[in-house]
Each structure stands twice: as structure tokens, then as C-alpha cells.
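Chemist: Quick check, what structure comes out for this input:
(chains A and B)
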Amino acid sequence: MIKNSAVEMAKALNSKEISSVELTQAHLDQISKVDTDVHAFLHVDSEGALAQARDVDARRKAGEKLAPLAGVPLALKDVLVQKGIPTTCGSKMLEGWRPPYDSTVVSRLKDNGIIILGKTNMDEFAMGSSTENSAYGPTHNPWDLTRIPGGSGGGSSAALAAFEAPLAIGTDTGGSIRQPAAVTGTVGVKPTYGGVSRYGLVAFSSSLDQAGPCARTVLDAAYLHEAIGGYDRMDSTSINAPIPPVVEAAKNGNVKGMKIGVIKELQGDGYQPGVLKLFNQSLDLLASLGAEIVEVSCKYFDYALAAYYLIAPSECSSNLARFDAMRYGIRVGEGSAEEVMNATRQQGFGREVKRRIILGTYALSSGYYDAYYGSAQKVRTLISRDFEAAFSKADVLVSPTAPTTAFKIGEKANDPIAMYLNDIATIPTNLAGIGGMSIPAGLADEDGLPAGFQIMAPAMKDDRMYQVGSALEAALLSQWGKPILDNAPSLGAR
Amino acid sequence: MALTYDDVIAKYEPVLGLEVHVELGTESKMFCGCNTVFGAEPNTQTCPICLGLPGSLPVVNAKAIEYTIAIGLALNCSIAPYSRFARKNYFYPDMPKNFQTSQYDEPICTNGYLDVTVDTEEGPREFRIEIERVHMEEDTGKSLHMGGSTGRIHGADYSLLDYNRAGIPLVEIVTKVVTGTGKYAPEVARAYVSELRDILRGLGVSDVKMEQGSLRCDANVSLRLIGGDKLGTRSETKNVNSLRSVERAVRGEMIRHAELLNKGERVIQETRHFHEDTGLTTPGRSKEQAEDYRYFPEPDLVPVAPSSEMIEKIRATLPEKPSVRRKKLQEAWQVPDKEMAAMINADVLDLVEATVKLGADPTRARGWWLGEIARIANERGIGAAEMPITPADVAEIVSLITSGELTDKLARQVIEGVINGEGRPAEIIEKRGIKVVSDDSALMAAIEKAIAAQPDVAEKVRKGHVPAAGALIGAVMKETKGQADAAKVRELLLKHLGQA
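Modeler: Numbers count the residues shown, from 1 in each chain, chains lettered A, B, ... in the order given. Below is the predicted model of the structure:
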């Protein structure tokens, strides 16, 4: 059962073939079995999950009409607060902190009867592309335990690939949902900015952060998207409009007559040949399904990475200022408040976080603001215009999700620029605030590891990603004859 | 030898800049639903948002925006069709997020003015104070530094933090540089804060209590040589918390600056703390090096873009200006300029108006508030409005005087009783047995007794020397323990002695 899709699990729950308690226990057992190797979880809330499952079972038994995913378990990225449950953001800074409130995403999960198994590992404060920056040690890719599962949401994607959970929540600031999905052979969606509430999402870069669904199928992701999405008055930047019809779109995958734009700037140099080959095969498949493939150019994308690495650190330097040992989290040192703050921040933050705080502090300082933060905001506008122009020629835009398959743990740990380049294809959508989805495109020739196919849609047209994604997913599945994860080695056999 | 104020103004011209922070009287905080009641138990009016807990997000209080627009309109400002919040980044333990959500280069109101009138030797003179900007921001929490001698963070053993105030909506009103006030600079500063306070009170946007900190004034003062064109270095005196202190702080800083400059020393650019007891300031934080607050637009909030309909709707609800209102009151009450100024100065205009509204005679109402009550308030070092006596009490007392049931002297006893918390006027009259002796026969008996005691005086009066009657009237008043109406006694006495 744990290898099934969430929709299949929901069906089994509805037909009372299985109870939520049984389903939850099966996943807790799998976590016990494999997580020593994978290290997807930072905290497993067995008791809370089982209590929630018992409640859902009781309500189902009482004949209550439940939400579509009621009783299905989920893994939550440790950057979203859940009342009473440790939330660390992968940082020593917040060790021991139990938030006194639920994030809106968590409230909605609970309202939907979705069972929260625990909190997943991540790069510290979501800064990274490999989960190596977690203060609690890296997560290992279930496809090859010596490799990274992507980041920052590597824990969530690895949990899916290792069948520890059928659903997960990620957050995506520059690709942290999509790149881990790509390198683990799973599905990850960054909704339109404002599509899912950020209330209770510990901020890295407020204008870029977006929570979204992670799953093993496009339809599962759509149901989860519908469960967590929509307007929230607690988040001023949340969009007050109905959720795009993502489930309907995922059920009716069809690309006939659609124009699919290939972004010229997101291929070529720096992309692994096997990854590009899979991308082109997917394009051929979409063409064979009746889509029209057009090439578009977004010339300002060349500046996207530079702009991102000014805006995100600038916002992070301010967002992370609150971690000062005065109210919560760890406290180190003695003496004046200032001395305690200094000592705590020195010890509590890891290298990458410090690097970005310093970068951002510099970029915002007077005399440099215009040249750095100001210019980056202008680039951001130009990238949005590039997207607008491209969307006037195509219904969706596509690219490989990440330039390579999963690299070895430690391989890029001392080369921040090489690490940052992982997100070259995912960052533009965050800067423009539009949606992006990654689905598995197959296994690369060189290493037999999964690569992702990215689909981007205009703001609040998220349904188009699901429409194209499910069509391509179905076509690929019929080619492969079995789900991609069936190719992954089985874990915990030792 | 210490300089006198006259020495200062003979040589220097003061240049002012005033920053006023006003806590808005909204029911909830700027970015969350927490209560804003003053004086609650520490840290009981807090939530994840105003504590800046990880993950929490702000949502703007619409009422605070309406209030700010109303303030801008009342100060003749332009209201920006698009303005943004910005983060002001600096570390301080009482600031939960270590940035203050404020406004920077896109404030909501700009370029206004406020006319104030100051009594000068040549009569009332109007000064126009130009307003640079009115912007919104959130207040910080409060730190209580324990164990040190100064109450400041340096030298303290530990500090207590109260976040009840964190996130209370503040409006900051900043003037442009104020010049041309000459020797009236302290009075102009005071008049500006006073007028601003009246406007804010009239708008109902704040309770404007300086002593509770809901209206706080920072006074920037610098001096330049008369005829010179070089501006001097300014000092910034923080949180001056009464009108009188505003005036004293400006005057004190002018003298302090002049003393330094005359000695050839330089004025240090810094904040100063004003001390109510001495009227002097002591150094605070140096501002010699500009702090870098790394302002940038607040990404968690959407821009404030009030529609012109919204602005016009607010404009239509603005009350009349305090200056117009004062003019109307002055005419209706027929008060001389000097008396009017005295009422404004003593801050009793609202109290008098309320008393008159309850039916009291304006002259009598004014007399009590400005006289007896203001005198006692002054003794206690508080404002008349803080006295435990209400316009209703005064109206009742005035009405009893008018009907002859109280004399002025007895009324003073009643006022004293009310202020001492003995009850309302009627209760005090009852309890203390205060009663005007108006019974003619009782009075006549007292008069006879007085005449018998001082026959020579009575004889003088009989012979036409009326002023001598004073001694007899005094004796009667003494005999009746002050409960008689002196006018009535005089009338009866003179009649009895054949002089009426």
C-alpha cells in the first residue's frame, strides 16, 4: 500500500479497505525501516499522527463527509510551524523551540484530515540545493545514498522517493521544491506567488518564498494543492481569488492544440547531455500528443541568478535578524544583550546562512543599495517582462528543471557558485512570481539517475501546468510500463 | 557667568525641527489583532505577530491608515496615491523582529503646514510651521533596565521586556526646518505641539496624553549667528512629555548651545534626555556617524493605495479646525483675547466647553476652571483634565451659585470636597451641611448682634459713611459661618441703617 499514490490510498480509505491508523502505521514502520539511511525526517510525531488518524477514522465511521485526502499521511518541511511540534528550519538556532501556533498550511492540512507524520530535513533556513547545509546532517538520495536529494527541501522529496510518505509539503524560494523533485524522480509544484499562504512559513526571502505540494503523481499534487491553497487574510500577499482548477486539469491531461514554448536560454552549456536528451524526448512526446512546440527567448534570464543572489540575501539579512536569543531558540554567552546576541548568532547560524546574511547586509547598505538591491529589482521587472512576452507566444513554457542529476554529497560543498548554478532554471519563476512544476522525465544515460522536466505557467494559471504535466506523465508512464520509482534500489534491506 | 536667554537671542537665531510621535487610538495593533489598552499586565497583549515569532506575518490595520490620512488632511498635506512600508533594520531587544516596520521614501502624507498663534509683545502673531511628512510605523516594546543608577541600558544588571506596546500604531509627524521664530522659538514649539494635540484630539485619532507617552515630541534645536548663513549642529531632545517641557527644553538647549559656541566649543550631534526636575538635558546617543538602517520596501505588505473616493470620504468627516472652533467659542462666550489665551495655556478650553454645554454660564464656568481648579491642579503638578472633577460637577456648582443656593466661598468648599473624593456636589453639600443662610430673620438677628457689638461703626454708616459697613458685613459673615450671601447681608444692613 505505501507504494500506491495518495489518490489510491484515499480510495482504499473510503472503501474502508484500510483504516487511516493502519495506513499511518505502515508509513511510520517504513520510516523506522529506512530513515536511518535516508535521514529525511528531523522529527517524527508518531503519537500525534496516530491520534489524528484515529480521529479521521472515527469521523469516517460516523458517516461524516470527509475531504478527498482525509486520512492520508504527509511529511511537512521543517520550515512550516506546527503548534507544539519542534520546528528547527534545519538550524541549531531554533533547537528546542516549539511554536505556539499553526501555520495556515498546517491548519488547512488538519482541516482536510491529512495526517502529519513529522518534519522533514532541509538546508538551514532553506538556503541550499543539497540539504547538506542542514545543521542536523544531510539527507541521502534514495536512488543512491551517496548522493544529495536536492535542496533545500531534500527531506520532503526523499521521503516520497523512499515511500516514507505519499505526500509532502515543500517551500520554494529559488527551486527548493522543484530541484529536489527532479533529482529524486518525484513531482513538485511551486504555485503562483500568493497562491498558498505564507503565514507560519519561517521566512527566508519573503518576496520569493512559496509553499507548495510534493507528491509522486501529478494528480496527487493537484489534490494537495487544492487542500492547502487559496486566500488567507493572515498573509497580505496572498491572492484573493479562487484556486485555479488544478484537480480538474490534472484529471484531463491533454495538450492537443496547446502551444508549448521552449526557453532558448535554459539549455545548452552547463546542462548534462543525458538531462537534455530526456528533455528533448519529452518535447517529442508532447508534439506527438498534438502540442505545438515553439522556441522563445528570454534574454534577461542570464541575469536572473545574479539578481536572485542580491534579493534573497537582502531579505534574509532582515528576516533572520529576529534570531537574537531574546525570546526563543538557543541562547549562548553571557554579558550584555549585545554580547549574547553576537555569541548566539555566531554559534547558531551555519556558514551558508552567515554568508547570505553578510551578502544581504552589504547589498542593502547605504551607498550600495541602488547598485545592488535597486538594480536587482530592475532585473526582476525585466524578467517578468520576458515571461509576459514569452507567454504571448505560448500557453506554457518548459525547460529541464535542473542542469544535472543528483551529485555526490560533498562534491560541491565548498563551491557556492557551482551549488547556486543548480537553480539556474528554476529561479526565474520565483523572481516573476509565476508557477512552476517539475515532473520526472526519465533516467539519464550517464548515471541512470532521474531528471526533471519543468513546466511554467502564467500567474494564477497553475491549472495549465497540471494539464500539461498529467498528459506528459501518462505518456511517459505508458512508455516506461512502470512508475519511475520502481527503478530505485530498495532500502533498509541491510 | 551663565548666559541669559536675552544674551542668546541677541547673538543667535534658533533653528527648530520637531518630530512628534502619536500613538493612534485604534482598538487593535498596527499589524495584528492584539489589544492596545494602556497599563495592562506586561506581555499580556501579545501574539505571534507582534512578538515577531518565526513565520508570522503582518496585516495592516485599515483603521490606522484612515486615521493617518485624516491627520494628513487636517495638516494640509498631499496624500500619496501609492505609498509603501519599509523595514528599518537595527538590533534592539525590545524590538521583536529587529526591524521596525515604518515608512521611508514613500510616506503616506507629505508637504503640509500648520499655523500657530503665539502671544508676543506686539500682540498675537501667527507662525506657519511647514510639515515635511506624516508617516505610519509600529511602536517598539518597552525595556525596563534594572539595577543601574541611570535607568538606562548601560550599567544595568538586567532588563525586563514588555511587548504590550510592540506593534501599537504610531504616526510620526515631521516638520521642515523652522526658522524666523527668533526669540519666540520656545513658545512657537510649544504652540505647535499644543495645536497639533488639539487637532489630533478633535479628529479622535488618539488620546494624545503626553504624560502616558501617547504623544511624544522630539525637539531638534540648533543655533546660527544672526546674519550668518551657516546652520549650526543640532541636538535632538527626546520624548519631552509635557507642553511646558517642550518650551523649557527648547529654551534650555538654546542656552546650552550658545554657551558652548561662545566658548569656541562645538555642539555634538547627539540625542539628549530632558529632565523634568532640572529642566536640563543630558547626553544620549551620538549621531555623529549616520546610522545605516538599511531601509528597503517591506516585502510582507502590499502598498497602500487609497482611492480618491476614500480620501474624499475621510475629508468630509473632518471636524472643524481648532482655530476655527476657538474663534467661534470666543465669540459665543464673549471672552477677551487675554482670557482666551489663558484658557488655552492652562488647557481648560475643552473642559469649559463641556461645562457650558451642560448649561453653565460661560463666564462662571471659565472662572472656576481657570481659577480654583487650575490653582489646585498646579499645586499638584498635573493638568486640569487630570483632576478628579468633571464638567458635570462644575456645571452643577455653577447652577447652584446662580440660583443663590451657594456662594462663591461655599462653592470653593464643595470643589475641594469633590477633588478630595467625598462625592458629587449634592452629596458634599448634604454631608457637610453647607447651606446659604437666606432667611431674613436669621440674618437680621446676626445684623443686630453685629451693630450691638460695634455701635460706633454703625453710627458712621448711619451718618452716610457707607464703606465702613464692610466691618459689620464681615462680622455677620463670621457669625453665619460664611453661609450667608454677602450681597444680601449688605442690602439688609444698609436698609436697616437707613442708607438704601
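
Chemist: Quick one: neighbours of residue 366, just the number.
Modeler: By default, I'm working from chain A. Residues lying near A:Ser366 (other Cβ atoms under 10 Å in any protein chain shown) number 12. For every residue, glycine as well, the C-beta is placed using N, CA and C.

Chemist: my bad, the chain I had in mind was chain B
Modeler: 24.

Chemist: Please apply the same query to A:Lys33.
Modeler: A:Lys33, neighbours per other Cβ under 10 Å, totals 16.

Chemist: give me every residue that touches the closest residue to it other than its chain neighbours.
Modeler: Distances taken as Cβ to Cβ, 6 or more residues apart in numbering or on different chains put A:Gly492 closest to A:Lys33, at 4.0 Å, once the chain neighbours are dropped. A:Gly492 is in contact with A:Gln30, A:Lys33, A:Val34, A:Thr36, A:Asp37, counting by Cβ atoms under 8 Å, 6 or more residues apart in numbering or on different chains.

Chemist: which residues touch the closest residue to chain B within the stretch 51-200 of chain A?
Modeler: Proximity of the stretch 51-200 of chain A to chain B (Cβ to the nearest Cβ) peaks at A:Gly200, 4.2 Å away. By Cβ under 8 Å, 6+ apart, the contact set of A:Gly200 is A:Leu80, A:Val81, A:Pro99, A:Tyr101, A:Asp102, A:Ser103, A:Thr104, A:Val105, A:Val106, B:Gly55, B:Ser56.

Chemist: Get me the contact residues on the stretch 201-350 of chain A for chain B.
Modeler: A:201-203, A:205-207, A:233-237, A:314-315, A:317-318, A:321-324, A:326-328, A:336-338, A:341 (Cβ under 8 Å from any Cβ of the partner chain).

Chemist: Which neighbouring elements make contact with the helix or strand encompassing B:Ile173?
Modeler: For B:Ile173, the element it lies in under DSSP states H and E is strand B:169-175. If you count contacts as 3 or more Cβ pairs under 8 Å, 6 or more residues apart in numbering or on different chains; DSSP states H and E, strand B:169-175 packs onto strand B:12-23, helix B:62-74, strand B:123-138.

Chemist: So what's the residue count around the residue nearest to A:Asn252 when sequence neighbours are not counted?
Modeler: Taking Cβ to Cβ, 6+ apart as the measure, A:Asn252 lies nearest to A:Gln467, with 6.7 Å between them; neighbours along the chain are not counted. Each residue near A:Gln467 was counted by other Cβ under 10 Å, and the total is 28.

Chemist: any low-confidence regions in the stretch 51-200 of chain B?
Modeler: For the stretch 51-200 of chain B, applying pLDDT under 70 flags the ranges B:149-151, B:153.

Chemist: domains in chain B, as residue ranges please.
Modeler: B:5-314, B:320-432, B:440-496 (automatic domain parsing).

Chemist: How are the helices of the stretch 101-250 of chain B distributed by residue range?
Modeler: Along the stretch 101-250 of chain B, counting by DSSP state H, counting those that start in this stretch, helices occupy B:185-203, B:243-262.

Chemist: Reformat these as CSV; add distance to chain A.
Modeler: Shown next, in CSV, are those (distance: least, Cβ to the nearest Cβ, whole Å):
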stretch, distance to chain A
helix B:185-203, 26
helix B:243-262, 28
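
Chemist: Just say which of those helices is most tucked in.
Modeler: Most buried of the helices of the stretch 101-250 of chain B, by mean neighbour count (mean count of other Cβ atoms under 10 Å in any protein chain shown): helix B:185-203, with a mean of 23.

Chemist: Against which helices or strands is that one packed?
Modeler: Judged by 3+ Cβ pairs under 8 Å, 6+ apart, helix B:185-203 is in contact with strand B:12-23, helix B:62-74, strand B:109-120, strand B:123-138, strand B:215-225, helix B:243-262, helix B:322-333.

Chemist: As TSV, these with distance to A:Gly90 would be great.
Modeler: Below are the helices and strands packed on helix B:185-203 laid out as TSV (distance: least, Cβ to Cβ, whole Å):
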stretch	distance to A:Gly90
strand B:12-23	39
helix B:62-74	36
strand B:109-120	44
strand B:123-138	30
strand B:215-225	42
helix B:243-262	51
helix B:322-333	58
